[in-house]
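**Q** give me the fold of what follows.
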Amino acid sequence: MKLRLGVALFFAIALIFFSTGVSASTVKKSPVEEKTKVVTSFELFWPISAGKVAGDRWYGLKLFKENLRGLLIFGEKEKVEYQLFLATKRVVEAEKLALEGKTDKANVTLSKVRELVSKSSLLYQKGLPGDLTEIDNKLARLNDFLPVLKEIGGVDKGLVEEIEKLIKPLLK
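**A** Below is the predicted model of the structure:
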């Protein structure tokens, strides 16, 4: 028993001292990879995921729950935050639908994004009290992702550009 433990200890120590590790810094990127950063909805919007999307069985119930929750929010700043949260969810849903080839439903979902951003833009421009960092971050992430969304086949580029035009004046 002691011999086995000794041999196992010897190999563990040998493995630690004599192994050569691979460092991530040794991997060189091409000039194109260094210049372009791929923006993904997962990185920008995590933990938000598409979940149920237009055409799914329980999607109407999801929308009902979100609308009911929205009715229970009273502060203007909180309403803007919630509308931008919903806009972000709809953008992720639109991406999922477009990637699945359901571009008609993706574009209907993008129309909802335009409506949500428009409503929040009107409230935002009136002036909101307090720290707006969270709102500004949500707007910036949406603005960063919209060009990626435009590149997906079948997505209404004009609709995405309308959303971009609503967001741009609000960015700081």
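**Q** spit out the contact partners of Leu97.
**A** 53-55, 103, 105-106, 109 (CB atoms under 8 Å, 6 or more residues apart in numbering). Any C-beta I mention is one placed from the backbone N, CA and C, and that applies to glycine too.
**Q** relative to Asp104, how far out is it?
**A** Here Leu97 is placed at a distance of 9 Å from Asp104 (CB to CB, to the nearest Å).
**Q** and Gly101, what element?
**A** Assigned by DSSP states H and E, Gly101 belongs to no helix or strand.
**Q** quick one, what contacts it?
**A** By CB under 8 Å, 6+ apart, the neighbours of Gly101 are Gly154.
**Q** from the contacts of Leu97, which land in strands?
**A** Among the contacts of Leu97, DSSP state E puts none in strands.
**Q** these in helices, which ones?
**A** Mapping the contacts of Leu97 onto helices (DSSP state H) picks out 103, 105-106, 109.
**Q** and those residues, which is closest to Glu161?
**A** Nearest to Glu161 among the ones in helices among the contacts of Leu97: Ala106, at 15.3 Å, using CB to CB.
**Q** thought Ala94 was touching the closest one, still the case?
**A** Yes. Shown here, Ala106 and Ala94 form a contact pair, counting by CB atoms under 8 Å, at 4.5 Å.
**Q** list residues touching both of these two?
**A** Val155.
**Q** who has more neighbours out of the two?
**A** Comparing Ala106 with Ala94 by other CB atoms under 10 Å, the one with more neighbours is Ala94, at 31 against 27.
**Q** for the helix or strand harbouring the more buried one, buried residues please.
**A** Assigning secondary structure by DSSP H and E places Ala94 in helix 76-99. For helix 76-99, burial by neighbour count (16 or more other CB atoms under 10 Å) applies to 77, 79-98.
**Q** do stretch 115-123 as well
**A** Neighbour count says stretch 115-123 has 116-117, 119-121 buried, by 16+ other CB under 10 Å.
**Q** any regions of the chain where pLDDT drops low?
**A** Applying pLDDT under 70 to the chain flags the ranges 1-3, 5-9, 11-12, 14-38.
**Q** Throw the ones in helices among the contacts of Leu97 into TSV and include distance to Pro129, thanks.
**A** Output for the ones in helices among the contacts of Leu97, formatted as TSV (distance: CB to CB, whole Å):
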residue	distance to Pro129
Thr103	40
Lys105	38
Ala106	36
Thr109	31
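**Q** quick one, what contacts the residue lying closest to Val155 once chain neighbours are set aside?
**A** Once flanking residues are discounted, Val155 sits nearest to Ala98: 5.1 Å by CB to CB, 6 or more residues apart in numbering. Counting by CB under 8 Å, 6+ apart, Ala98 touches 106, 149, 152-155.
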